[in-house]
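Novice: heads up, no residue letters with this:
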């Protein structure tokens, strides 16, 4: 008995339809974030900073004396995840802990001179990559997009 070739009952997909996904805010935000994060990782590798390191350093840089508790609340980082990150930044000589002026149990996180210098350069790089990544937007559209995204999480 000869084997008969079974023809598929459905056609092959020539073009993938993502039209439904493209209506979803989360899908679009994630796709945009992934495209920016890829460039971020590449350009900020020279500073030894991943996105979370950059965010933590930026907050410390702009808020000398900020506590770990404040960092966790501001950046939605779980305390156990922040501990190792702070130790790593401290070992690199980018931050230092100093007694908090009003809370004897807390320590404030301060950028060192090396940390300030690194962040001045890294923030310029980050700003430039954001402009490059959003080059299809006008400055007004870019500002509107940032404001709209902030309405979701702030």
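Specialist: Nice, thanks for sending it over. Just so you know, these numbers come straight off a predicted model, no measurement behind them.

Novice: tell me the SS of residue 109?
Specialist: Secondary structure of residue 109, reduced to three states by DSSP: H, G, I helix; E, B strand; the rest coil: strand.

Novice: how about the helices in this protein?
Specialist: Counting by DSSP state H, one finds helices in the chain at the ranges 25-44, 51-62, 68-75, 79-91, 113-133, 139-153.

Novice: so of these, which one's packed in deepest?
Specialist: Ranked by mean neighbour count under mean count of other C-beta atoms under 10 Å, these are led by helix 51-62, which reaches a mean of 18. From N, CA and C alone the C-beta is placed, and that goes for glycine too.

Novice: Give me the angle between that one and helix 25-44.
Specialist: With axes from the mean of the first three to the mean of the last three C-alpha atoms, to 10 degrees defining the directions, helix 51-62 sits at 80 degrees from helix 25-44.

Novice: elements contacting helix 51-62?
Specialist: Helices and strands touching helix 51-62, by 3 or more C-beta pairs under 8 Å, 6 or more residues apart in numbering; DSSP states H and E, are helix 25-44, helix 68-75, helix 79-91, strand 107-111, helix 113-133.

Novice: Of the helices of the chain, give the one that comes closest to residue 103.
Specialist: Minimum separation from residue 103 across the helices of the chain (C-beta to C-beta) falls at helix 68-75, 9.7 Å.

Novice: For residue 88, which residues are in contact?
Specialist: residue 53 (C-beta atoms under 8 Å, 6 or more residues apart in numbering).
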